[in-house]
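# Just the structure for this:
(chains A and B)
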Amino acid sequence: EAAVTQSPRSKVAVTGGKVTLSCHQTNNHDYMYWYRQDTGHGLRLIHYSYVADSTEKGDIPDGYKASRPSQENFSLILELASLSQTAVYFCASGTAETEQFFGPGTRLTVL
Amino acid sequence: GDSVTQTEGPVTVSESESLIINCTYSATSIAYPNLFWYVRYPGEGLQLLLKVITAGQKGSSRGFEATYNKETTSFHLQKASVQESDSAVYYCALASNSNNRIFFGDGTQLVVKP
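Here you go, the predicted model:
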């Protein structure tokens, strides 16, 4: 069954530490996205990619890097985690018709 | 830019009552964007509830309906009789024509009381 999976599902990190969130899709989609969601707010786009080995900045890219080594995999990297990056992170994949399919989310807590 | 505004939650409704969650959009990158309602159940990721890509058309799924009204730039979500299992967060969204981007509203938490 086609799906978007994320790992880890939950993580506690220390301020200044490095965090890598991973996303894997079996939908054979070209587009992949990373969003963050803060309590009481909608999803905000951090980075996205429409082809392997290429990433694009979204609306809130500062403090984040992204990597798309293959069509199936898309990682979000926090080189120096900060308290303000505590949030739930969602990965999604999409088609040319713009519908997006989401992973279950990763709850990140930075202490 | 493109944006979506929806009813602020939480919205609390008793089981079997009717529901409407308002959504209005502003689209500058495309005249008639594709419109979506996504739902997020507790502990799960977002999933598509319904979508409409043609102005004037209605989409429906699981008893929910939404009509694409280009005159009022609205896409309100309605259900005639809610169930406790409908408790979730609902997101209105529009698709930009730029790199398949989707813009989401802030989400409306729906609480259905038994």
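# worst-scoring helix or strand of chain A, pLDDT-wise?
Ranked by mean pLDDT, DSSP states H and E, the weakest helix or strand in chain A is strand A:100-102, scoring a mean of 91.
# before we move on, what about chain B?
When each helix and strand of chain B is scored by mean pLDDT, DSSP H and E, strand B:102-104 comes last, with a mean of 90.
# Output stretch B:30-41 as PDB, nothing but the C-alphas.
What follows is stretch B:30-41, C-alpha atoms only, in PDB (Å, rounded to 0.1, in the frame of the first residue of the first chain):
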ATOM      1  CA  ILE B  30      -4.200  31.500 -10.000                       C
ATOM      2  CA  ALA B  31      -7.700  32.600 -10.900                       C
ATOM      3  CA  TYR B  32      -9.400  29.400 -10.000                       C
ATOM      4  CA  PRO B  33      -7.300  27.300  -7.600                       C
ATOM      5  CA  ASN B  34      -8.100  23.700  -6.600                       C
ATOM      6  CA  LEU B  35      -9.700  23.700  -3.200                       C
ATOM      7  CA  PHE B  36      -9.400  21.000  -0.500                       C
ATOM      8  CA  TRP B  37     -10.600  20.000   2.800                       C
ATOM      9  CA  TYR B  38      -8.200  17.900   4.800                       C
ATOM     10  CA  VAL B  39      -8.900  16.200   8.200                       C
ATOM     11  CA  ARG B  40      -6.500  15.200  10.900                       C
ATOM     12  CA  TYR B  41      -7.800  12.600  13.400                       C
END
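# which of the residues in that stretch are buried?
B:33-40 (16 or more other CB atoms under 10 Å in any protein chain shown). C-beta here means a position set from N, CA and C on the backbone, and glycine is covered the same way.
# ok, which residues in chain A are in contact with chain B?
Residues of chain A that fall close to chain B, judged by CB under 8 Å from any CB of the partner chain: A:4, A:31, A:40-43, A:45, A:48, A:50, A:56, A:90, A:92, A:94-105.
# try it again with 10 Å
When proximity is defined by CB under 10 Å from any CB of the partner chain, chain A lies next to chain B at A:3-6, A:9, A:29-31, A:33, A:35, A:37-38, A:40-45, A:48-50, A:56, A:58-59, A:88, A:90-92, A:94-105.
# Could you identify the buried members of the residues you listed?
Among the residues of chain A next to chain B, the ones that count as buried by 16+ other CB under 10 Å are A:4, A:6, A:29, A:31, A:33, A:35, A:37, A:42-45, A:48-50, A:56, A:58, A:88, A:90-92, A:94, A:98-105.
# burial measure for residue B:52, as a count.
Neighbourhood size, residue B:52 [other CB atoms under 10 Å in any protein chain shown]: 18.
# Now do it against residue B:107, distance only.
Distance of residue B:52 to residue B:107, given as CB to CB, to the nearest Å: 19 Å.
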